[in-house]
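>>> This is a predicted model, with the sequence first.
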Amino acid sequence: MKIYVETERLILREILPIDVEGMFELDSNPTVHKYIGNKPVKTKQQAVDVIQFIRKQYKERGIGRFTTVEKFSGDFVGWSGLKLNLDKKEELNGRRNFYDIGYRFIPRFWGKGYATESALAVLDYGFNELNIKTIFGAAEVDNMASNIVLQKIGLQFINEFHFEGVKANWYELKKEDYNETMS
Ligand SMILES: CC(C)(COP(=O)(O)OP(=O)(O)OC[C@H]1O[C@@H](n2cnc3c(N)ncnc32)[C@H](O)[C@@H]1OP(=O)(O)O)[C@@H](O)C(=O)NCCC(=O)NCCS
């Protein structure tokens with residue numbers, strides 16, 4: 001799958017096996033995992049497995065998260081993008097078969113507006129390239145940064161729900177509402 005999206009400061013591209021060091025740095029950091037289940041990876045092999053899992057999604061589901069690279073340094077920042085949730089174990093807020101928007105960055109890249117910048121490009125890709133009708137988002141209630149990003153990019157709060165013992169917020173954005181705000 002060929003993906004190449006540029007924003008002012010970032011490149012979003014397909015995740016590749018060469019991303020293993022970056023993915024390990026990202027996913028082995030407990031701070032990164034604070035609001036996403038607290039299960040940082042322990043080995044490089046687990047990072048390899050995640051990359052393979054995402055690449056398999058590109059093939060089987062037509063989409064998966066994109067590696068995010070900082071343009072000026074060429075550094076691996078993390079990932080941002082869409083996931084098509086299909087399996088029973090991917091069910092969220094009672095839903096199956098939905099696209100969600102997500103992002104996960106190495107902490108030294110936080111606070112620069114990169115999640116917002118990448119997520120806006122991801123919405124454009126999802127609605128205009130993939131013609132998705134509705135994009136959903138979820139974030140733990142206490143994950144301020146993620147809730148703020150979802151709201152800033154235009155997703156609407158729908159309801160609070162419980163997931164694995166924590167409270168989370170559920171958001172959605174429909175293509176027609178996205179087009180209206182963009183016009
Ligand atoms: C969520 C994440 C991607 C945000 O990345 P980021 O590039 O720092 O986000 P942005 O800079 O685009 O925006 C973050 C916003 O939240 C605000 N913010 C961050 N932490 C905050 C806090 N504790 N309280 C209040 N506001 C906060 C920032 O000020 C910013 O808002 P602003 O632009 O209006 O000032 C990053 O924190 C991350 O990777 N977290 C770990 C993984 C994760 O939780 N992913 C989301 C799962 S739902």
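Nice, I can see it.
>>> buried residues in the lengthiest helix in the chain?
Scanning the chain for the longest helix, with DSSP state H as the assignment, gives helix 44-61. Across helix 44-61, burial judged by 16 or more other C-beta atoms under 10 Å covers A47, V50, I51, I54, R55, Q57, Y58. Backbone N, C-alpha and C define where each C-beta goes, glycine included.
>>> so who does the fourth one touch?
The one in question is I54. I15, G64, R65, W79 (C-beta atoms under 8 Å, 6 or more residues apart in numbering).
>>> got the end-to-end distance for stretch 86-100?
11 Å (C-alpha to C-alpha, to the nearest Å).
>>> in it, what counts as buried?
Result for stretch 86-100 [16+ other C-beta under 10 Å]: buried residues N93, F98, Y99, D100.
>>> Now do the same for that stretch: mean pLDDT, whole number.
In this model, stretch 86-100 carries a mean pLDDT of 94.
>>> about what we covered before: please pick the buried ones from the contacts of I54.
I15, G64, R65, W79.
>>> Considering those residues, which is situated nearest to the ligand?
W79 (9.2 Å; C-beta to the nearest ligand atom).
>>> can you tell me which helix or strand that closest one belongs to?
Using DSSP states H and E, W79 falls within strand 76-85.
>>> Just after that strand, pick out the following helix or strand.
Using DSSP H and E, the first helix or strand after strand 76-85 is strand 98-105.
>>> Distance from that next one to the middle of the chain?
2 Å (C-alpha atoms, centre = their mean, to the nearest Å).
>>> For that strand, name the packing helices and strands.
Contact analysis of strand 98-105 by 3 or more C-beta pairs under 8 Å, 6 or more residues apart in numbering; DSSP states H and E lists helix 20-27, strand 65-70, strand 76-85, helix 114-124, strand 134-140, helix 144-152 as its packing neighbours.
>>> That strand vs helix 114-124, what angle?
150 degrees (axes from the mean of the first three to the mean of the last three C-alpha atoms, to 10 degrees).
>>> Go ahead and confirm T67 touches V20.
No. Using C-beta atoms under 8 Å as the test, T67 is too far from V20 to be in contact (11.2 Å).
>>> Please identify which of the two sits among more neighbours.
T67 (23 against 17; other C-beta atoms under 10 Å).
>>> List the contacts of T134.
F98, Y99, E172, L173, K174, K175.
>>> In CSV: those residues, plus distance to N29.
As requested, those are exported to CSV (distance: C-beta to C-beta, whole Å):
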residue, distance to N29
F98, 28
Y99, 26
E172, 29
L173, 29
K174, 34
K175, 35
